[in-house]
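[1] give me coordinates for this.
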Amino acid sequence: MADLFSPFAAALADREAAARAHKAHGGKVVGYLTNTSPTELIAAAGAFPLQLAAGADATPLGDRYMEDLFDPIVRAVFEGMLAGRYDFVDAVVLPRTSDSVQRLYYYLCEIRRMGEASVPEPLLFDLLHTPWYSSAEYNFSRIGELKIALERVTGTAATDSSLTTAIATANARRAAMRGLVAQRREGRVTGVQANQVFAAKGAMAGADFDAALAAVLAAPGPVSDAPRVVIAGSPLDTPALHALVEAAGGRVVGDFHEFGEPMIGPDVEAGPDPLRALMAHYHRDVASSRSFPQSPRPLVDFAHACGAAGVIFNFYAEEEALTWEYPAQRRALEACGIATLCFEGQPHRAEGAALAAPLTDFVRKLTIKVPA
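    Alright, predicted model coming up:
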């Protein structure tokens, strides 16, 4: 079973390989950050959508410009841009749904203005997550502006036909990802394996990802009866914490963060205006730290659906938004009999020496549950 996940592990070992190959054959590459970037629109405009993720823990170049309170993934991406790691990327989409990502847009604009480094052209996607009609209309104007910018970068029109095709392809991929989630909740896919799939989704060529995932779904692994755990909090684009949980005797059956099940979301609803349908999806159906109002209910429901006996919260030292929701989430979970453990002030990559003992103690006390 482990060999079936090797394409995803290989993609994570060299996240830019597929995109570089696409560029070498004359294609365009558009990077993006966060799950609120409309990748369907990037694809419809003829570009390879590349999700940018952390590549280094040290950021000596970025430290000249960027304060250390930025999200560590954003800091690492900024470092990679200054170092020329993304010299093949034509532009990068940066949604304002994350404070660090929005500020990265301003930093890149200033770097380009000063001529300090050759970095990809930053494109701000000014997406609002307030649940109002006026916000929806504002978002429709902004996604229209993004469409024009992407067409300028790629030289390809994102027509209604190409956008409809891109949406259908993305919906089919979402369906396959739900199949992975189902196997995971059955205890047939480990947390490490699932994280590899989630993190590789934005790095692999679409057809290669679909084929590799189909192979996984066609050969389900054996069922594990280890205590079930959900990880929530800051986005984890590496499986380091998952490996520690599973070494402690637990099983990570759900990820309630950007590189987990929230990445999938519901399908984009078909309609006569595919651009408006896409806008509605990213406004209404994709959560962010700036979604309003916030409620602990989605995490509680998610933990129940996963049959989780415990939820582990993991927050980066730089986390500014999600920690505000933690107290209410903890109380709601514990009121339902779901145990919680919180790691605050964490580095980007989980450190085993500091976490092994509390994880082992936490998992040992958990009861075994089944999904709801």
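
[2] all strands of the stretch 151-300 of the chain, in order?
    In the stretch 151-300 of the chain, the segments counted as strands under DSSP state E, counting those that start in this stretch are 228-233, 251-256.

[3] how about those strands, which one is nearest Pro347?
    strand 228-233 (13.3 Å; CB to CB). Heads up, the C-betas are built off the backbone N, CA and C, glycines and all.

[4] pairing partners for the closest one, with directions?
    strand 251-256 (parallel), strand 310-316 (parallel) (DSSP bridges).

[5] that one - what's its average pLDDT?
    For strand 228-233, mean pLDDT rounds to 96.

[6] what's that strand in contact with?
    187, 191, 241-242, 245, 250-257, 260, 299, 302-303, 306-315, 319, 322, 326, 329, 363, 366, 368-369 (CB atoms under 8 Å, 6 or more residues apart in numbering).

[7] out of the strands paired with strand 228-233, which one sits most buried?
    Each of the strands paired with strand 228-233 was scored by mean neighbour count; the highest is strand 251-256, a mean of 26, by mean count of other CB atoms under 10 Å.

[8] what is the distance between that one and the centre of its chain?
    Between the mean C-alpha location of strand 251-256 and the chain-wide mean there is a distance of 14 Å, by CA atoms, centre = their mean, to the nearest Å.

[9] got the CA positions of it in PDB?
    Provided in PDB are the C-alpha atoms of strand 251-256 (Å, rounded to 0.1, in the frame of the first residue of the first chain):
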ATOM      1  CA  ARG A 251      -4.300   7.500  13.900                       C
ATOM      2  CA  VAL A 252      -4.900  10.900  12.300                       C
ATOM      3  CA  VAL A 253      -8.300  10.500  10.600                       C
ATOM      4  CA  GLY A 254      -8.900  14.100   9.800                       C
ATOM      5  CA  ASP A 255      -7.200  17.500   9.100                       C
ATOM      6  CA  PHE A 256      -9.300  20.500   9.900                       C
END
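
[10] re earlier: out of the strands paired with strand 228-233, flag the one nearest Tyr106.
    Closest among the strands paired with strand 228-233, using CB to CB: strand 310-316, at 20.9 Å.

[11] now do stretch 64-76, average pLDDT.
    In the prediction, stretch 64-76 has an average pLDDT of 90.

[12] do stretch 238-245 as well
    On average, stretch 238-245 scores 94.

[13] run the chain-centre distance for that stretch.
    16 Å.

[14] what do you get for stretch 181-190?
    With CA atoms, centre = their mean as the basis, the mean position of stretch 181-190 lies at 19 Å from the chain mean.

[15] which strands and helices lie in contact with the biggest helix by length in the chain?
    The longest helix of the chain (DSSP state H) is helix 160-185. On a contact count with 3 or more CB pairs under 8 Å, 6 or more residues apart in numbering; DSSP states H and E, helix 160-185 meets helix 39-44, helix 191-200, helix 206-218, strand 251-256, helix 274-284.

[16] swap in 7 Å and give it another go.
    helix 39-44, helix 191-200, helix 206-218, helix 274-284 (3 or more CB pairs under 7 Å, 6 or more residues apart in numbering; DSSP states H and E).

[17] buried sites along stretch 17-28?
    18-20, 22-23, 28 (16 or more other CB atoms under 10 Å).

[18] who's in contact with that stretch?
    11, 29, 46-48, 50, 88, 90, 153-154, 203-205, 208 (CB atoms under 7 Å, 6 or more residues apart in numbering).

[19] now that stretch: mean pLDDT?
    98.

[20] how about the strands of the stretch 151-300 of the chain, which one is nearest Asp71?
    Here strand 228-233 is closest among the strands of the stretch 151-300 of the chain (CB to CB), at 12.2 Å.

[21] doesn't Val101 fall inside a helix?
    Yes: counting by DSSP: H, G, I helix; E, B strand; the rest coil, Val101 falls inside a helix.

[22] state the pLDDT value of it.
    At Val101, pLDDT is 94.

[23] how many neighbours does it have?
    As a burial measure, Val101 scores 26 neighbours (other CB atoms under 10 Å).

[24] can you tell me how far it is from Asp63?
    19 Å (CB to CB, to the nearest Å).

[25] ok, now Thr39?
    30 Å.

[26] what about the two, which has more around it?
    Thr39 (22 against 13).

[27] please, where are all the helices along the stretch 1-150 of the chain?
    6-13, 17-24, 39-44, 72-82, 99-114, 133-154 (DSSP state H, counting those that start in this stretch).

[28] about what we covered before: including distance to Thr97, could the strands paired with strand 228-233 go into TSV?
    Shown next, in TSV, are the strands paired with strand 228-233 (distance: least, CB to CB, whole Å):
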stretch	distance to Thr97
strand 251-256	17
strand 310-316	17
